[in-house]
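Engineer: pasting the sequence and the predicted model now:
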Amino acid sequence: MSVHTSQILSMLALLLLAGDRVPSAAAEPNVRRALFVVAEGVYNSELMAPYDVLQHSIFRDPNDYMETAIVSADGGPVVTFEGITVEAHFSYADAPRADVLVIPSTRGSMDADLANDAYMAWVNKAIAEAEWVITVCDGAFPLAATGALDGRVATTYPGDRERLEQMFPKVDVRHDVRLVVDGKYITSVGGGMSYEPAFWLVEHLYGPDHVAATARGLVWPWDLKTVPHLIVE
């Protein structure tokens, strides 16, 4: 053994005796990707409210949160029903896999979107890959059109529940709740209540303290016990 090697071994032995250790690499953050699929005429509330809730998860725990992004057909902007231009992060062609897929309602959710082959093909693929799927308001219609809700319980915008029943008779549509969770599918009424499905998922994944902090930040009185809902066991 050379003198140089002997010196190195002696130094390592001294470090170990002193209790020193080589620091381990920091743990990788647990990041879920939440993708919001949009088309022309997407409604402001149904897009922005759940986006706000899920995006805020990074402020609760920078090591366990959701990374939010918007997907449009070509990756370009869309104009909401109310006239706001929204930039997308991805196109159908380059969007990564969604851990959480959010389908907000658009003015075409009950007709034009369902006839759009490219939209429906991407939605089908994303649903199959996702850990969770949220629909807001009439976003339940594209989800139902994929067959994913056949034999399941769901809800949608109150004024469109009968139409959902007529178009998709295999779906058990509930008229008495604002939120339904059946398996990985979370359907909701939308409108001013568009925050609720995202709050439910945040509470389910991260716990009551996490969701309470976000609700306080958004000045929203979130309490699941006060929300007419159904969790299908």
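Structural biologist: Yes, it's here.

Engineer: hang on, isn't residue 102 packed against residue 36?
Structural biologist: Yes: contact criterion C-beta atoms under 8 Å: residue 102 and residue 36 qualify, at 4.6 Å. Where you see a C-beta, it was placed from the backbone N, CA and C, and this is true even at glycine.

Engineer: and the residue nearest to residue 53 when sequence neighbours are not counted, what helix or strand is that in?
Structural biologist: In this structure, residue 53 finds its nearest non-sequential neighbour in residue 198, 3.6 Å apart by C-beta to C-beta, 6 or more residues apart in numbering. In this assignment (DSSP states H and E), residue 198 forms part of helix 196-206.

Engineer: that helix packs against which elements?
Structural biologist: With contacts defined as 3 or more C-beta pairs under 8 Å, 6 or more residues apart in numbering; DSSP states H and E, the packing partners of helix 196-206 are helix 44-55, helix 57-60, strand 132-136, strand 179-182, strand 185-188, helix 208-217.

Engineer: let me have these in a markdown table, extended by mean neighbour count.
Structural biologist: Formatted as a markdown table, the helices and strands packed on helix 196-206 follow (neighbours: other C-beta atoms under 10 Å):
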| stretch | mean neighbour count |
| --- | --- |
| helix 44-55 | 22 |
| helix 57-60 | 18 |
| strand 132-136 | 27 |
| strand 179-182 | 22 |
| strand 185-188 | 28 |
| helix 208-217 | 16 |
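
Engineer: list the buried residues in stretch 90-104.
Structural biologist: 90, 92, 95, 98-104 (16 or more other C-beta atoms under 10 Å).

Engineer: endpoints of it, how far apart?
Structural biologist: Taking C-alpha to C-alpha, to the nearest Å, the first and last residues of stretch 90-104 lie 16 Å apart.

Engineer: can you give me how far it is from the chain middle?
Structural biologist: 10 Å (C-alpha atoms, centre = their mean, to the nearest Å).
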